[in-house]
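K.L.:
Sequence and predicted model, in that order:
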Amino acid sequence: MLNYIWAFMILTGVVYAAFTGNMASVTDAALSSAGEAVSLCVTMAGVMALWMGLMKIAERSGLIAGLASGIQPFLSFMFPRLPKKHEAREYIATNFIANILGLGWACTPTGLKAMEALAELEKERGNPAYLREGKNGAARTASREMCTFLILNTSSLQLIPVNMIVYRTQYGSADPAAVIGPAILATLFSTVAAVVFCKIMDRKP
């Protein structure tokens with residue numbers, strides 16, 4: 001659907017520019033934007049390499065394991081039906097920590113692993129929706145744990161909004177890090193709202 005929307009917007013812009021005699025401006029904008037996109041990708045790649053390296057160092061030093069152990073009470077509160085020794089807990093904990101540190105690139109693989117582990121858990125529980133798979137092996141129904149994880153992942157508290165800081169730096173912000181305070185406040189409220197919503201919905205059959 002997004003591909004159709006973007007194609008429609010581009011086509012509309014080109015047609016409008018053609019009728020109004022602004023094709024030269026469209027061409028200049030396309031070329032300059034392409035150059036900016038390449039420059040931004042290079043910048044983001046450098047930042048991503050830096051933070052992914054720091055994440056790997058934290059993992060090998062045991063810091064991630066320590067933090068994951070520290071949030072186990074929160075996981076037990078949010079996922080009361082998830083077995084304490086289940087592998088999904090480790091993936092979920094690592095995903096949350098990466099999100100809190102603003103490492104969106106690092107949390108994606110663990111998020112996918114967590115969803116796979118939660119799907120396997122439903123199969124072990126004998127849930128018919130997971131014993132009967134849809135196209136490409138995708139489960140037909142999301143479990144309570146899956147929904148809770150997705151909501152918390154989307155609303156996650158962020159202490160260091162790395163992506164936003166990089167964008168602001170790339171486009172000449174005088175104080176790129178000024179967004180840290182507002183981002184912490186906004187994501188704190190979103191996380192609290194997510195927790196309240198999940199616990200309310202969890203009470204329903």
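P.N.:
Done, it's in. Residues are numbered from 1 along each chain as shown.

K.L.:
can you list the domains in this protein?
P.N.:
As assigned by automatic domain parsing, the chain contains the domains 1-49, 62-202.

K.L.:
what's the next secondary structure element after the worst-scoring helix or strand of the chain on mean pLDDT?
P.N.:
Lowest by mean pLDDT, DSSP states H and E among the helices and strands of the chain is helix 128-131, with a mean of 61. As assigned by DSSP states H and E, the chain's next helix or strand after helix 128-131 is helix 144-155.

K.L.:
Counting neighbours, which bits of that following helix end up buried?
P.N.:
Buried residues in helix 144-155, counted by 16 or more other C-beta atoms under 10 Å: Arg144, Glu145, Met146, Thr148, Phe149, Leu150, Ile151, Leu152, Asn153, Ser155. The way it works is simple: take the backbone N, C-alpha and C, and place the C-beta from them, glycine included.

K.L.:
wait, what's in contact with the fifth one?
P.N.:
When the contact criterion is C-beta atoms under 8 Å, 6 or more residues apart in numbering, the partners of Phe149 are Phe79, Ile92, Asn95, Gly111, Ala114, Met115, Leu118.

K.L.:
any idea which of the residues you listed is the one closest to Ala29?
P.N.:
Minimum distance to Ala29 across the contacts of Phe149 is 35.5 Å, recorded for Gly111 (C-beta to C-beta).

K.L.:
Can you report how many residues neighbour the nearest residue to that closest one once chain neighbours are set aside?
P.N.:
Once flanking residues are discounted, Gly111 sits nearest to Asn95: 4.9 Å by C-beta to C-beta, 6 or more residues apart in numbering. By other C-beta atoms under 10 Å, 26 other residues sit near Asn95.

K.L.:
quick one: pLDDT of Asn95?
P.N.:
We have a pLDDT of 86 for Asn95.

K.L.:
Can you verify my assumption that it contacts Leu112?
P.N.:
No: look at Asn95 against Leu112 with C-beta atoms under 8 Å: they stay out of range, at 9.3 Å.

K.L.:
all helices for the protein, in order.
P.N.:
2-20, 23-60, 63-70, 72-78, 87-100, 104-124, 128-131, 144-155, 162-170, 180-202 (DSSP state H).

K.L.:
Export only the CA atoms of stretch 174-182, formatted as CSV.
P.N.:
Provided in CSV are the C-alpha atoms of stretch 174-182 (Å, rounded to 0.1, in the frame of the first residue of the first chain):
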residue,chain,number,x,y,z
ALA,A,174,22.8,24.3,16.5
ASP,A,175,22.1,21.9,19.4
PRO,A,176,21.4,18.4,18.2
ALA,A,177,21.2,16.9,21.7
ALA,A,178,18.5,19.4,22.8
VAL,A,179,15.9,16.7,21.8
ILE,A,180,17.1,14.3,24.6
GLY,A,181,15.0,15.9,27.4
PRO,A,182,11.7,16.1,25.4
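
K.L.:
Off-centre distance for it?
P.N.:
21 Å (C-alpha atoms, centre = their mean, to the nearest Å).

K.L.:
now do stretch 171-181
P.N.:
21 Å.
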